[in-house]
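In: got a structure for you, letters missing:
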C-alpha cells in the first residue's frame, strides 16, 4: 500500500521533469543542481543494495539519454571542447574504467560504476561547458542554486543538533537523510565556503544580496565548526594558503616543486614521523576545537584515524595483488576485507563492506583500476588547478575573475579532502566538482579563442 501511494505521488513530479527535460533543458540542469544537496539515498529507507540518490540520479540518467539522442541528430559539442586537455583526461579515464571493468572481479558492479560515471561526466561536465558558454554569468545561477539548497541542509542540521545540545556524538548523524555522515557534509560545506566570500565581494554594492551573504557566511562558519569534521577545517586552511600564494603570484611550477619536495621529505622521514604521531594520544571525540585539530595526527588511539590507515593499507595490498588492472571499478568495498591486517583492525572495522570505501580519491582508484587509474585522477585534478590558476593570472580584473578564483579554492578544498575521504561516487560531491571544472574549461576555451581572434 505504501509503495503504491509513493508511486502515485511520484507520477506528477516525474511528468514535470519530463516536460522540463524536453522543452527547458537548461532549467532542468539548474533544477538538478538545486536538488543535489537535498537528494536522499533510497538505500537508507528500503534496504538492500539499491543505492540510488533521488531525485538526482534518475534525472541524470534521463539527461544522459537525451544528450545521446540529440547527439545522433547533430553534433552538440564543438571539437575544441573534446580536444581540451581536461576533456581528454576525462575521456581517457572513462576508457580505462571500461577496460578495467572487463577485467573486474565483479563485472556487473564495475559496469554499473561506469554508467554512473557517464551520467555524471556527460550531463555535468560536457553539457555544463555548453551551459556556461551560453552566458558565462550562468555560473552565478549554478552557484546560487547549490548554495540555497545547501543553506536549507545547514539550517536543518543545526536545528537538529541544537535539539541534542550540540554534543559531539549527535554531530555525526544530525544531517541525515541529506548526508550520510558528518564527513561528507563537512567536505561539501568546505567546498562552498570560499565561494561565499567571492559572492560577497562581487555583490558588495547590492544591499539585499550583501545582507543575505552577511547571514550566510557566519551560518556556514558555524555549520563547518559544528560538523566536527577535522578534514574540512584543514582543507579550508589549505585553500587560504593557496589563495595567498596566488595573490603573491607564485608560479604554478614553483607550487608543484614545493609539493614535490614535501612528498620527498615525507617519504624519507616516514618512520620518524610515524613514531612522533604514535606519541600523540589526542582523541577526536571531544568538543574542544584545539584538541580535535591535534587529534588529526593521532594514529595510536583515535579509531577514525586508525581505520583510515586500515583502509589505505588494504588498498595498497589490493594494488600489489593486481597492479595493472586492479580489482575492478567500484569493487573495493566488496573485496578489501580479506586484505585487512589483524594489527590494523579497529573497533569500527568491518568485513561486510558497509562502512565506506578506501577513504581516498587516489588510493581507491589505485586498488580498483591499477596504478594508471590513480595516475589519471591525480593528473586530472592537478591539471584542472593548473588551468584555473594560469587562466586567473592572465585575466583582467572582473567579477568573473573573482568567481574563477573562489571556484579554484573550492576545488582545492575537495582535492585536498580527497587524501582522507572519497565522495566522487555520490552526487553531493560530483555535481559541484565537475560543474566547477566545466566552468574553468569554458573560460579557458573562451580566453584562448579571444587570443586567436586578436
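Out: That came in fine, so what should we check first? Since the model is a prediction, treat every value here as computed from it, not as a measurement.

In: what about residue 136, which SS state?
Out: What DSSP: H, G, I helix; E, B strand; the rest coil gives for residue 136 is coil.

In: Is it correct that it is in contact with residue 444?
Out: No - counting by C-beta atoms under 8 Å, residue 136 stays clear of residue 444, with 11.8 Å between them. The C-beta positions use only the backbone N, C-alpha and C, and glycine is treated the same way.

In: who has more neighbours, these two?
Out: Neighbour tally, residue 136 and residue 444, criterion other C-beta atoms under 10 Å: the higher count belongs to residue 444, 21 against 17.

In: That one and residue 391 touch, don't they?
Out: Yes - judged on C-beta under 8 Å, residue 444 makes contact with residue 391 at a distance of 5.3 Å.

In: By mean pLDDT, point me to the weakest helix or strand of the protein.
Out: When the helices and strands of the chain are scored by mean pLDDT, DSSP states H and E, helix 270-278 comes last with a mean of 51.

In: could you pull out the strands for the chain?
Out: Listed in chain order, the strands of the chain (DSSP state E) span 40-41, 53-54.

In: Just put these in JSON lines and tack on mean pLDDT and mean neighbour count.
Out: Converted to JSON lines, those look like this (pLDDT from 0 to 100; neighbours: other C-beta atoms under 10 Å):
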{"stretch": "strand 40-41", "mean pLDDT": "92", "mean neighbour count": "20"}
{"stretch": "strand 53-54", "mean pLDDT": "92", "mean neighbour count": "18"}
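
In: What separation is there between residue 143 and residue 213?
Out: 12 Å (C-beta to C-beta, to the nearest Å).

In: Return, as residue ranges, the portions of the chain with sub-threshold pLDDT.
Out: 1-10, 13, 46-50, 255, 259, 262-263, 265-302, 352-355, 451-454 (pLDDT under 70).

In: Which helix runs longest in it?
Out: Counting residues, the longest helix found in the chain (DSSP state H) is helix 363-394.

In: Who are the packing partners of it?
Out: Judged by 3 or more C-beta pairs under 8 Å, 6 or more residues apart in numbering; DSSP states H and E, helix 363-394 is in contact with helix 85-102, helix 230-247, helix 252-268, helix 303-321, helix 332-335, helix 399-417, helix 427-453.

In: Minimum distance to residue 28: which of those helices has it?
Out: Closest to residue 28 of the helices and strands packed on helix 363-394 is helix 427-453 (C-beta to C-beta; 13.1 Å).

In: and the angle from that closest one to helix 363-394?
Out: With axes from the mean of the first three to the mean of the last three C-alpha atoms, to 10 degrees applied, the angle from helix 427-453 to helix 363-394 works out at 40 degrees.

In: Show me which residues of helix 427-453 are buried.
Out: Using 16 or more other C-beta atoms under 10 Å as the test for burial, helix 427-453 gives 427-445.

In: so what's residue 222 up against?
Out: residue 158 (C-beta atoms under 8 Å, 6 or more residues apart in numbering).

In: mind checking how far it is from residue 161?
Out: In terms of C-beta to C-beta, residue 222 sits 10 Å off from residue 161.

In: can you check residue 228 too?
Out: Distance from residue 228 to residue 161, by C-beta to C-beta: 10 Å.

In: ok, now residue 198?
Out: 27 Å.

In: Go ahead and name everything in contact with stretch 31-40.
Out: Residues outside stretch 31-40 that contact it (C-beta under 8 Å, 6+ apart) are 17, 20, 53-57, 59-60, 63, 123, 142, 145-146, 148-150, 152-153, 177-178, 188, 427-428, 431-432, 435.

In: Could you do stretch 434-442 as well?
Out: For stretch 434-442, the surrounding residues in contact (C-beta under 8 Å, 6+ apart) are 33, 81, 84, 86-87, 120-121, 124-126, 128-129, 131-133, 136, 139, 142, 146, 384, 387-388, 391, 403-404, 407-408, 410-411.

In: if we can go back for a sec, between the longest helix of the chain and helix 230-247, what angle do the directions make?
Out: Using the same axes, to 10 degrees: helix 363-394 against helix 230-247 is 30 degrees.

In: between helix 363-394 and helix 303-321, how big is the angle?
Out: 100 degrees.

In: Could you give me the buried positions within helix 363-394?
Out: Buried, per 16+ other C-beta under 10 Å, within helix 363-394: 363-370, 372-374, 376-381, 384-389, 391-392.

In: do stretch 177-188 as well
Out: For stretch 177-188, by 16+ other C-beta under 10 Å, it's 178-188.

In: tell me which of those residues is nearest to residue 43?
Out: Distances from residue 43 to the buried residues of stretch 177-188, taken by C-beta to C-beta, are shortest for residue 180, at 9.7 Å.
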